[in-house]
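In: Okay, here's the prediction I keep looking at, along with the sequence it came from:
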Amino acid sequence: MEPDLQTPLGRASGQAGKEWSHPSDNWLRGFVLDNRASLGTLAVFIVMMAVFLIANPTVFTTWYLYSSVLTTLPVALFVVVPLVFVVTCGEIDLSFPATMGFASWVFALVVQAGYDPFLGIVAALVTGTLLGFLVGSLVVYGGLSSLIATLGMNFLLRGLIQIINEGKSTALTNLADSSAYAIFSSQIWGIPVQIFWAIAFVVFSALLYNRHRFGAQVKVVGDNPDSARQMGIDVKLVRVKVFVFVGIGAAIAGTFSVMINFTWWPTAGDGYLLPVLASVFVGGTPTWGGIGTVVGGAIGAVTVSFIQTGVVAAGLSGFYVQFFNGLIIILSLLGHKWNQARYR
Amino acid sequence: MAERIIELRDIKKSYGQVYALGGVDLSVDRGEVVGLIGDNGAGKSTLIKILSGVVKPTSGEILVRGKPVTGWSAARSRDAGIETVFQDRALAVQQTIVRNIFMGRELTGFLGWLKVNKEIEEASRLMREIGFTSKVFTPQSIVGQLSGGERQGVAIARAIYKQAELIILDEPTTALSLTETAKVFHFVRQVRASGRSILFIGHNIHHVFDIADRFVVLDRGKVALTADRSEVKSAEDLINFMEDVAHPGGLPGLHGEAEQRA
């Protein structure tokens, strides 16, 4: 009865070294398998742009169209990317629009008071970090549902801004002469410079996601929080950190939006809630946590940005924008569902 | 006498009014395999969670190598050289084998950036060492694609990395095939031969009897028996003992029927 078992694996242990092999020995196939979510998103984007190009070749070959998208796209990228971390961690954060508004408000106050915009940026980053920590702590240590709690915080913070400002905006006319503006919001060779900062942020975050302990722990916590806890990971701390990351991203995004417009509005950030959330999921990050893709999310943001501009530029009336928004989201989700093996 | 790796003194754990553990003493010496057995609800799982730091005891003392510890946690337990292969294996199934092996113990360099290549190398070495290799998976395969036995291999590979001094195996043979069970047994003997210790928890008393140097029988939150292997003649002895503890005077139902027939 008892299996004996002095040397049940003697055969295997010796020459096992060369037994490792991947089902896809071809590097290209391996690359496609490992990145299928972001490649799928890229495919959706390319097909969409091809359709636009065919519909209206003259408009879609003019640089102005791309330049206008590249001006506003960075703002979205700074929040889409941290949200990929949050969703991977098995949470959601709907409070980032208010954090954008709040942090950029602090930036506007500092600049309006005559201080250097760099100081304003630091103040905005500190505000974003603190708000992210506040929201994260509320969700994690308060044991609340992140969906509802962050929605509540979004209303609460926005309400606070409205109460104090009574709907009044702040114009920052002297911003255009500052060195901060030249570095973060001017143009080089006709390209809005903020896109380079956004790309740097995406690359850094992708490395953080794939090549850093933080990303590794975010994925494990989102995948199986009980296991993570049993293996000694401070699950609560990891969760708070992702909310802090969103706070920081929202602060950067808010500051950029003010620098683009030279004006801070009490509604700053409000319009980003749904497009940003859509970008995360169009990008191929699933809702259930544990896996995701930063680069896919970024491509998703590009796709969503181009829908709005593209539909109008293609000659359709503005009434079609929402319909195509929805169509692209649904098609992307169907594509990703077919593309993703699900283990839980 | 061999060094005492860990000792629990009068550990109690209550959930509200219910006592899961009512004062348990347990110790594991270097190089010994201790078999922990007990019926469902005896408190085995709670005891393991306390040893691995996942659950904090209500009262009692934990000593690691003779020294009492404070602030016991999962991270502290692993730092103290105690690794646990949980019954559910505690794997993140959407992640790669590498990420699971280094879960909570990522190999990092400057500012927490991962040493990805080193992790892959180490993972291959570990998987080879315990004989869990295959043509169809690599260290970068997703755990969700593996069979039950292969997943057990990943959990064990994680436990032996860093030369843990005590490895806790919680029901390691449950739901495994005969050959996979054989691998686990072989692994236990390897660990003992290398002078490290194992706490082996099992439902299958035959399995535990074959492998353990010492037996601890847990019953309703208390240690009912501690016996060296030399004191127990056969697995049947252990089974009989456990039945006696659970139902003093024999199983009433069966006896009643037997008497009626007679």
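Out: That came in fine, so what should we check first?
In: where does the stretch 101-250 of chain B come near chain A, residue by residue?
Out: The stretch 101-250 of chain B comes close to chain A at residues B:102-106, B:108, B:112-114, B:116, B:124, B:128-131, B:133-136, B:138-145, B:158, B:178-179, B:181-183, B:185-186, B:189, B:206, B:210, as judged by CB under 8 Å from any CB of the partner chain. For glycine as for every other residue, the C-beta is placed from the backbone atoms N, C-alpha and C.
In: got the contact list for B:E3?
Out: By CB atoms under 8 Å, 6 or more residues apart in numbering or on different chains, the contact list for B:E3 reads B:29-30, B:65.
In: Can you show me the strands along the stretch 51-200 of chain A?
Out: Assigned by DSSP state E, counting those that start in this stretch, the stretch 51-200 of chain A shows strands spanning A:170-171, A:187-188, A:191-192.
In: who touches the last one?
Out: Taking contacts as CB under 8 Å, 6+ apart, the residues outside strand A:191-192 that touch it are A:67, A:70-71, A:74, A:185.
In: Closest to B:S14 out of these?
Out: Closest to B:S14 out of the contacts of strand A:191-192 is A:P74 (55.7 Å), distances taken as CB to CB.
In: returning to what we had before: counting neighbours, which of the contacts of strand A:191-192 comes out on top?
Out: Ranked by neighbour count (other CB atoms under 10 Å in any protein chain shown), the contacts of strand A:191-192 have A:P74 at the top, with 27 neighbours.
In: how near is it to chain B?
Out: 25 Å (CB to the nearest CB, to the nearest Å).
In: doesn't A:I195 make contact with that residue?
Out: Yes. Contact criterion CB atoms under 8 Å: A:P74 and A:I195 qualify, at 5.4 Å.
In: circling back: now, the most widely separated pair of the contacts of strand A:191-192?
Out: Largest separation among the contacts of strand A:191-192 by CB to CB: A:S67 and A:S185, giving 13.5 Å.
In: Got the phi and psi for A:F324?
Out: The phi and psi values for A:F324, taken as degrees, to the nearest 10, are phi -70, psi -30.
In: Neighbours of it, how many?
Out: Here the number of neighbours of A:F324 (other CB under 10 Å) works out to 17.
In: ok, it - contacts?
Out: If you count contacts by CB under 8 Å, 6+ apart, A:F324 has them with A:307, A:311.
In: All the strands of the stretch 101-250 of chain B, residue numbers only.
Out: For the stretch 101-250 of chain B, the strands defined by DSSP E, counting those that start in this stretch occupy B:166-170, B:197-201, B:214-219, B:222-228.
In: Can you list the neighbours in contact with stretch A:43-55?
Out: Residues external to stretch A:43-55 that are found in contact with it (CB under 8 Å, 6+ apart): A:60-61, A:282, A:299, A:302-303, A:306-307, A:310, A:313-315, A:328, A:331-332, A:335.
In: Repeat that for stretch A:265-274.
Out: Under the criterion CB under 8 Å, 6+ apart, residues A:75-76, A:79, A:94, A:96-101, A:104-105, A:154, A:158, A:161-162, A:165, A:167-169, A:250, A:253-254, A:257-258 lie in contact with stretch A:265-274.
In: Deepest in the core, which of the strands of the stretch 51-200 of chain A is it.
Out: Mean neighbour count (mean count of other CB atoms under 10 Å in any protein chain shown) peaks for strand A:191-192 among the strands of the stretch 51-200 of chain A, with a mean of 18.
In: quick check: mean pLDDT across that strand?
Out: Per-region confidence: strand A:191-192 scores 86 on mean pLDDT.
In: Paired strands for that strand, with orientation please.
Out: With DSSP bridges as the test, strand A:191-192 is paired with strand A:187-188 (antiparallel).
In: looking only at pLDDT, what's the mean for the strand it pairs with?
Out: Strand A:187-188 comes out at a mean pLDDT of 80.
In: Redo the strands of the stretch 101-250 of chain B as TSV? Include mean pLDDT and mean neighbour count.
Out: Output for these, formatted as TSV (pLDDT from 0 to 100; neighbours: other CB atoms under 10 Å in any protein chain shown):
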stretch	mean pLDDT	mean neighbour count
strand B:166-170	93	25
strand B:197-201	93	25
strand B:214-219	90	22
strand B:222-228	87	16
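In: For A:V87, which non-adjacent residue is spatially closest?
Out: A:T285 (5.2 Å; CB to CB, 6 or more residues apart in numbering or on different chains).
In: need the contact list for the one you found.
Out: A:37, A:84, A:87-88, A:291-293, A:296-297.
In: Domain boundaries for chain B, per the record?
Out: B:1-81+B:166-262, B:91-163 (automatic domain parsing).
In: picking that back up, give me phi/psi at the residue nearest to A:V87?
Out: The phi and psi torsions at A:T285 (degrees, to the nearest 10) take the values phi -80, psi 120.
In: And B:I62, by the same measure?
Out: Phi and psi for B:I62, reported as degrees, to the nearest 10, are phi -120, psi 130.
In: Now it. Nearest residue, chain neighbours left out?
Out: Distances taken as CB to CB, 6+ apart place B:V69 nearest to B:I62, at 5.2 Å, with adjacent residues excluded.
In: contacting residues around the one you found?
Out: By CB under 8 Å, 6+ apart, the residues touching B:V69 are B:62-63, B:76, B:80.
In: Inside helices: which ones of the residues you listed?
Out: B:R76 (DSSP state H).
In: Pull the most distant pair out of the contacts of B:V69.
Out: B:L63 and B:R76 (13.1 Å).
In: hmm, which helix or strand of the chain has the shakiest average pLDDT?
Out: I'll assume chain A. In chain A, no helix or strand scores lower on mean pLDDT, DSSP states H and E than helix A:10-15, which sits at a mean of 38.
In: actually it's chain B I care about, not the one you picked
Out: Min over SSEs of chain B, mean pLDDT, DSSP H and E: helix B:252-261 (a mean of 45).
In: Check which residues of whichever helix in chain B runs longest are buried.
Out: Criterion DSSP H: the longest helix present in chain B is helix B:178-193. By neighbour count with 16 or more other CB atoms under 10 Å in any protein chain shown, helix B:178-193 contains the buried residues B:180-188, B:191-192.
In: list the contacts for residue 77?
Out: No chain was given, so I picked chain A. Residues in contact with A:L77, defined by CB under 8 Å, 6+ apart, are A:198, A:201-202, A:253, A:298, A:301.
In: oops, chain B please
Out: Contacts of B:S77 (CB under 8 Å, 6+ apart): A:232, B:51-53, B:84.
In: can the residues you listed go into JSON lines with extra columns for neighbour count, secondary structure and pLDDT?
Out: As requested, the contacts of B:S77 are exported to JSON lines (neighbours: other CB atoms under 10 Å in any protein chain shown; DSSP: H, G, I helix; E, B strand; the rest coil; pLDDT from 0 to 100):
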{"residue": "A:G232", "neighbour count": "19", "secondary structure": "coil", "pLDDT": "92"}
{"residue": "B:L51", "neighbour count": "25", "secondary structure": "helix", "pLDDT": "93"}
{"residue": "B:S52", "neighbour count": "24", "secondary structure": "coil", "pLDDT": "93"}
{"residue": "B:G53", "neighbour count": "24", "secondary structure": "coil", "pLDDT": "93"}
{"residue": "B:T84", "neighbour count": "27", "secondary structure": "strand", "pLDDT": "93"}
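In: and the residues you listed, which two are the farthest apart?
Out: Spatial extent of the contacts of B:S77 (CB to CB) is set by the pair A:G232 and B:L51 at 13.4 Å.
In: Any idea how far the helix or strand following the least confident helix or strand of chain A is from the middle of the chain?
Out: Beyond helix A:10-15 in the direction of the C-terminus, DSSP states H and E gives the next helix or strand as helix A:27-34. Chain-centre distance of helix A:27-34: 24 Å, with CA atoms, centre = their mean, to the nearest Å.
In: Send me helix A:27-34 as CSV with only the CA atoms.
Out: Below are the C-alpha coordinates for helix A:27-34, written out as CSV (Å, rounded to 0.1, in the frame of the first residue of the first chain):
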residue,chain,number,x,y,z
TRP,A,27,10.2,34.7,-29.2
LEU,A,28,7.6,36.5,-31.3
ARG,A,29,4.9,34.1,-30.3
GLY,A,30,5.9,34.4,-26.7
PHE,A,31,5.8,38.2,-26.9
VAL,A,32,2.4,38.2,-28.4
LEU,A,33,1.1,35.7,-25.8
ASP,A,34,2.6,37.8,-22.9
